[in-house]
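# sequence and predicted structure are below.
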Amino acid sequence: MVGSRGARRQRVQGAVITALAWSSVVLATWVTAGFFVFVVPAVDRPQRADAIVVLAPVVGTGRLELAEELMSDGLGTLLVVSMPDGVHRHNFSEVCRANRSYRIICFDPDPVTTQGEARAIQRLSEEFNWGSITVVTNEFHVARAELIIQRCYSYELNMVAVRSDLALKDWAYQFLYQSASWAKAAISYEC
């Protein structure tokens, strides 16, 4: 009896050690992959496009500022801004009605998700006959946004990222949020 208890304990300990080892491998793989997808993703060099599209949120993220810089560099003639109702909506007039040397279109995506923005981009591209767009977002969002937009928009797509200066806790939040959002994007293939 004592021998069988010892053997059973060894099997349980072995199973626990194996589970911990595999969990460590999975965690290390997730963190490594996440680093390359969320922190240092592949981005495009800004180039001339029919429209420069800014994904929400635009206020306080540096996205709008980068898009305006691209516009002033002559890389677009139309600025398109995602301004979901209720999300920084108090800045609507400041952003969407400001007097600029170029045209601006603001839209309210439905649903208020990257997928909703992708659908709006497709609809607007058909309405305005765009053959190319530059999309501006933050680096932690760029790869997933590109995947989702490509499901709706089939023309030339240029992804440009704003580098975020986030605190460690904010990076941790983005890491978890973006990971969950990637899982959702992986099981939803529709535009």
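Received the coordinates, thanks.

# walk me through the domains of this structure.
1-40, 51-187 (automatic domain parsing).

# most tightly surrounded among the ones you listed?
domain 51-187 (a mean of 17; mean count of other CB atoms under 10 Å). C-beta coordinates here come from the backbone N, C-alpha and C atoms, glycine included.

# Ile104: helix or strand, and which one exactly?
strand 103-107 (DSSP states H and E).

# what does the helix or strand just after that strand contact?
Next helix or strand after strand 103-107 toward the C-terminus (DSSP H and E): helix 114-128. Residues outside helix 114-128 that contact it (CB atoms under 8 Å, 6 or more residues apart in numbering) are 50-51, 53, 55-56, 78, 80, 82, 105, 107, 109-110, 130, 133, 135, 141, 144-145, 148-149, 151-153, 155, 181, 188, 191.

# can you give me the helices for this structure?
2-34, 63-72, 92-96, 114-128, 139-152, 168-187 (DSSP state H).

# let's have those helices in TSV, adding distance to Arg45.
Conversion of those to TSV gives the following (distance: least, CB to CB, whole Å):
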stretch	distance to Arg45
helix 2-34	24
helix 63-72	11
helix 92-96	26
helix 114-128	20
helix 139-152	13
helix 168-187	23
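
# these: which one's closest to Val40?
helix 139-152 (7.3 Å; CB to CB).

# any idea how far that closest one is from the chain center?
Relative to the chain's own centre, helix 139-152 is displaced by 6 Å; criterion: CA atoms, centre = their mean, to the nearest Å.

# quick one on the thing from earlier: what would the helices of the chain look like in TSV with distance to Val162 and mean pLDDT?
As requested, these are exported to TSV (distance: least, CB to CB, whole Å; pLDDT from 0 to 100):
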stretch	distance to Val162	mean pLDDT
helix 2-34	19	81
helix 63-72	5	96
helix 92-96	16	78
helix 114-128	15	97
helix 139-152	7	96
helix 168-187	13	93
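
# the ones you listed: which one's closest to Val160?
That would be helix 63-72 among those, by CB to CB, at 6.8 Å.

# which other helices and strands contact that closest one?
strand 51-54, strand 78-82, strand 132-138, strand 156-162 (3 or more CB pairs under 8 Å, 6 or more residues apart in numbering; DSSP states H and E).

# packing partners for the second one?
Right, the one you point to is strand 78-82. Applying 3+ CB pairs under 8 Å, 6+ apart, one finds that strand 78-82 contacts strand 51-54, helix 63-72, strand 103-107, helix 114-128.

# ok, the third one: who's next to it in the sheet?
Taking DSSP bridges as the criterion, strand 103-107 pairs within the sheet with strand 78-82 (parallel).
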